[in-house]
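Undergrad: sequence? don't have it. structure:
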């Protein structure tokens, strides 16, 4: 049997190598219009910033290595210009000779990927405007920096790639600004979690222009909806769209977004044609609704599944939950599943909480705090999503949470996990366990919560007790209007001074000490509410809301 694969990288290359491992005698051909068949596209920004020193390190496999190890015929600079399903052939243009030829297939796998979105504005094709999608793009940016010595760079788009570029351009010595249409960076985060990210970026000298958009490029000047910026170079990173014109032309069914519609076996609407990677519509693992989630890990899995089915093994793709992680200078940001914004849109009845645990035992040197936000379904208690902002240890906690979601865990199941512990690596009560403990306390009504967005609605007419249980020094460093200070360690001495018939709203720095205070007050008959995330989260969000969006 002969399988032709259009496009390489994660999806196409994974399909080819898996198919070879399953079918040693089959003929396998990869047709790739570019120069590179398998490269580290997620590593491209780090070559520009100098973290990856050699361009050759970006190339994972070559046509020669595919031939020698896998006996796969890889033809780079060969572009498929037409698919003819009735005759099971594709028309190919050799880009070096401009010759056209036909290639027959028994099975066809499409892995065309996605292309950067370019806004329809004046100046978008200027020589100092770049996108980043492949190795030639990377080399072009690197050469421009080395030859033109730009001083100011503007990154348009505050997603993962845009922020990785911002960091690496800063590392390359440029003055960097980021322009983002939304009110916060990183769409998978909620605004409250992104506030910490904004402050971190500004501390590194990156300027942010939020709730703003680019309207025109004039040589080395960007015109925004609100203001203008000087820019020696511009990186456009406002998203990607599936590259599916070839599929559409041959009659393969697409959705409204022009993504290829596939079933769980990665089969398209036309027999013997499969599709994988960034060009396909996937199913959201949690909501079971159609989604567009262009991730390398998903593409690799889909390539493997397509190969399995071609080889006669029943294999299904069960959906994408969008697990992702980002290094941003010395900060790590990770997310999986639904965020609060998405859960509200879907009208899911959810609950949430926030924690500030240490990455490992606090008495062991190097422990760092991380901020965790988790959502769960109020009816089923199943985990819906998580977001973590911190540094050390973020990745392994998010991987545990992503795994828990994949296996349908309830949030309270997290307290039962037996995770590895030694002082350099974690805590006896790991942050993941603490999520379970905290959620159980909320679900069983051992503590009631209120949130940063509820604070402004609290009455200041004496009908409720507003209590700050931080130390006096912490209280003097910043406070929430209307809250009186009674430190936790002296709370029992002052209980008789508090009116018993009024609800008490408490906060501390992170939410932990105010939880302890709530347990004390509850034992004395008080109705008590704890500020989830504490002063730290509240102050971070208020700074972002009250401060200038442009800095």
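TA: On my side now, so go ahead. Remember, predicted model here, so these are calculated numbers, not experimental data.

Undergrad: please tell me how far the nearest residue to residue 524 once chain neighbours are set aside sits from residue 511.
TA: Distance criterion Cβ to Cβ, 6 or more residues apart in numbering; nearest residue to residue 524, sequence neighbours excluded, is residue 495 at 5.7 Å. The C-beta positions use only the backbone N, C-alpha and C, and glycine is treated the same way. Separation of residue 495 from residue 511 (Cβ to Cβ, to the nearest Å) stands at 21 Å.

Undergrad: which parts of the stretch 401-550 of the chain are strands?
TA: Ranges of strands within the stretch 401-550 of the chain are 448-450, 465-468, 484-485, 504-507, 528-531, based on DSSP state E, counting those that start in this stretch.

Undergrad: could I get the buried residue list for the first one?
TA: For strand 448-450, the neighbour count (16 or more other Cβ atoms under 10 Å) marks 449, 450 as buried.

Undergrad: contact partners of that strand?
TA: Contacts of strand 448-450 with the rest of the structure, by Cβ atoms under 8 Å, 6 or more residues apart in numbering, involve 353, 442, 458, 505, 518, 527, 528, 529, 530, 531, 532.

Undergrad: residue 41 and residue 168: what is the separation?
TA: Distance of residue 41 to residue 168, computed by Cβ to Cβ: 14 Å.

Undergrad: actually residue 363, sorry about that
TA: 36 Å.

Undergrad: more neighbours, these two?
TA: For residue 363 versus residue 168, the count of surrounding residues by other Cβ atoms under 10 Å is larger for residue 168: 21 against 8.

Undergrad: am I right that the more buried one falls within a helix?
TA: Yes. Assigned with DSSP: H, G, I helix; E, B strand; the rest coil, residue 168 falls within a helix.

Undergrad: residue contacts, the residue nearest to the spatial centre of the chain?
TA: For the chain, residue 324 is the residue whose C-alpha lies nearest the centre (Cα atoms, centre = their mean; 4.0 Å). Counting by Cβ under 8 Å, 6+ apart, residue 324 touches 160, 188, 295, 334, 335, 336.

Undergrad: give me the subset of those lying in strands.
TA: With strands taken from DSSP state E, the overlap with these comprises 334, 335, 336.

Undergrad: do a quick rundown of the helices in the stretch 51-200 of the chain.
TA: Taking DSSP state H, counting those that start in this stretch, the helices of the stretch 51-200 of the chain run over residues 63-70, 135-148, 160-171, 191-203.

Undergrad: what helices or strands is the last one leaning on?
TA: Counting by 3 or more Cβ pairs under 8 Å, 6 or more residues apart in numbering; DSSP states H and E, the packing neighbours recorded for helix 191-203 are strand 207-210, strand 324-328, strand 331-337, strand 371-377, strand 383-390, helix 534-546.

Undergrad: nearest to residue 68 among those would be which one?
TA: Closest of the helices and strands packed on helix 191-203 to residue 68 is strand 324-328, at 33.7 Å (criterion: Cβ to Cβ).

Undergrad: quick one: distance of the closest one to the chain centre.
TA: Averaging C-alpha positions (Cα atoms, centre = their mean, to the nearest Å) puts strand 324-328 7 Å from its chain's average.

Undergrad: before we move on, what about stretch 538-546?
TA: Offset of stretch 538-546 from its chain centre (Cα atoms, centre = their mean): 23 Å.

Undergrad: ditto for stretch 145-165
TA: Put simply, stretch 145-165 sits 19 Å off its chain's centre (Cα atoms, centre = their mean).

Undergrad: for it, the averaged confidence score.
TA: Taken as a whole, stretch 145-165 has a mean pLDDT of 94.

Undergrad: for that stretch, buried residues please.
TA: Within stretch 145-165, the residues scored as buried using 16+ other Cβ under 10 Å are 145, 150, 152-165.

Undergrad: pick the one among the residues you listed closest to residue 453.
TA: residue 158 (22.1 Å).

Undergrad: surely that closest one meets residue 189?
TA: No. Taking contacts as Cβ atoms under 8 Å, residue 158 lies outside contact range of residue 189: 10.3 Å.

Undergrad: and residue 523, how many neighbours?
TA: Residue 523: 10 surrounding residues under other Cβ under 10 Å.

Undergrad: tell me the spacing between it and residue 471.
TA: With Cβ to Cβ as the criterion, residue 523 and residue 471 are 22 Å apart.
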